[in-house]
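> Sequence and predicted structure, then a few things I'm wondering about:
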Amino acid sequence: MNKSNNNIVSWVCSGITCVLASISVEQVTNIILLIIGILSALVSLAYNIYVWYNKAKQDGKITTDEVKNLKNEVDKTTTEIKNDVDNSKKDK
């Protein structure tokens, strides 16, 4: 790295440190937990869609009941994500 890149990186790191120092540790923890909760729900949703798709395509066609099952699973997971976000707003 040349000298100007080091200077830019130094300023960016100093800025990030100042911002994080101004936020309480509890708030940072809540943000991290919210992100982890949302990511885990998205991974769960993706896995459930993958399993549903493999099961649905075994017989060569996708029925309306299978689509309803997928819709119910997606609704359940999106409700979990919404609840995570709502709970994080209540904590603030």
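Alright, I've got the coordinates.
> where does the protein dip in pLDDT?
Residues of the chain that meet the criterion pLDDT under 70 lie in 1-6, 91-92.
> ranges for the helices of it?
3-22, 25-57, 64-91 (DSSP state H).
> got these as CSV, with mean neighbour count columns?
Just so you know, the C-beta spots here come from the backbone N, C-alpha and C atoms, and that holds for glycine as well. As requested, the helices of the chain are exported to CSV (neighbours: other C-beta atoms under 10 Å):
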stretch, mean neighbour count
helix 3-22, 10
helix 25-57, 13
helix 64-91, 13
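> could you measure the spatially closest residue to Ile62 that is not a sequence neighbour against Asn48, distance?
The spatial neighbour of Ile62 that comes closest, neighbours along the chain excluded (C-beta to C-beta, 6 or more residues apart in numbering), is Ala56 at 4.7 Å. Counting by C-beta to C-beta, to the nearest Å, the gap between Ala56 and Asn48 amounts to 12 Å.
> Now Thr77: closest residue in space, sequence neighbours ignored.
Leaving out its chain neighbours, Thr77 is closest to Leu45 (C-beta to C-beta, 6+ apart), at 4.2 Å.
> contacting residues for the one you found?
For Leu45, the set of contacting residues under the criterion of C-beta atoms under 8 Å, 6 or more residues apart in numbering consists of 73-74, 77-78.
> Same check on Ile49?
Taking C-beta under 8 Å, 6+ apart as the contact definition, Ile49 lies against 70, 73-74.
> cool, and Ile81?
37-38, 41-42.
> Would you mind giving those as a markdown table with distance to Asn87 added?
Formatted as a markdown table, those follow (distance: C-beta to C-beta, whole Å):
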| residue | distance to Asn87 |
| --- | --- |
| Gly37 | 9 |
| Ile38 | 11 |
| Ala41 | 13 |
| Leu42 | 17 |
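> of all these, which comes closest to Gly60?
For the contacts of Ile81, the closest approach to Gly60 (C-beta to C-beta) belongs to Leu42, at 29.2 Å.
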